[in-house]
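Peer 1: Everything below, folded, please.
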Amino acid sequence: MKEERVTFLGHRNIRCLHSKTIEITKAVSLSTKGDCIAGISASKACNDFDREFKAKLSETGRKVNLEIIVAEMTFRMHGFTDQRLTLSHGHDIVIRKSRYVCPRTLCVLCDKASSDIPRDLVMKLQNPATVAELKIIVE
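Peer 2: Residues are numbered from 1 along each chain as shown. As a prediction, this is how the structure comes out:
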């Protein structure tokens, strides 16, 4: 198994209403239009992962275990790797329920989207002082 961790911050405009994706971005601000975004000011984007980790994500069919961790709260989800992943985007990480792939895509066929994040966790993510973590484990 290979693991990466990405730290990020909350923002008052986080909504987590999207039914197909979750996004973490390096952007430092957010409008209310980004309804899939769960965090800003991320420590990493797709292109920042090490070569070995990217290689594991680019093999079709591996399981990806993901956790969004905020203080004592943990939101778990699972997706899959895909050989089409390029992991080349310099600002974003997107977790998708669909099979759609672009440079921002971390994994596909995820069992959860931003609208599935519990509302009490979303409320914490709406606080700009919140420091959160995305834990990614590729089996």
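Peer 1: now the strands for the protein?
Peer 2: 2-9, 21-25, 37-39, 63-70, 73-80, 92-96, 105-107, 131-138 (DSSP state E).
Peer 1: pLDDT of the third one, averaged?
Peer 2: Mean pLDDT, computed over strand 37-39, is 98.
Peer 1: One more: the last one?
Peer 2: Taken as a whole, strand 131-138 carries a mean pLDDT of 98.
Peer 1: partners of that strand in the sheet?
Peer 2: strand 2-9 (antiparallel), strand 63-70 (antiparallel) (DSSP bridges).
Peer 1: Distance-wise, check the closest residue in space to residue 83 that isn't next to it in sequence relative to residue 107.
Peer 2: Nearest residue to residue 83, sequence neighbours excluded (Cβ to Cβ, 6 or more residues apart in numbering): residue 60, at 4.4 Å. Where you see a C-beta, it was placed from the backbone N, CA and C, and this is true even at glycine. Distance of residue 60 to residue 107, computed by Cβ to Cβ, to the nearest Å: 11 Å.
Peer 1: Quick check: neighbours shared by these two?
Peer 2: By Cβ atoms under 8 Å, 6 or more residues apart in numbering, residue 60 and residue 107 have these common neighbours: 80, 81, 82.
Peer 1: Tell me, how many residues neighbour the first one?
Peer 2: Summarising burial for residue 80: neighbours were counted as other Cβ atoms under 10 Å, giving 18.
Peer 1: which residues sit in contact with it?
Peer 2: 60, 61, 62, 63, 64, 107, 108, 109, 110.
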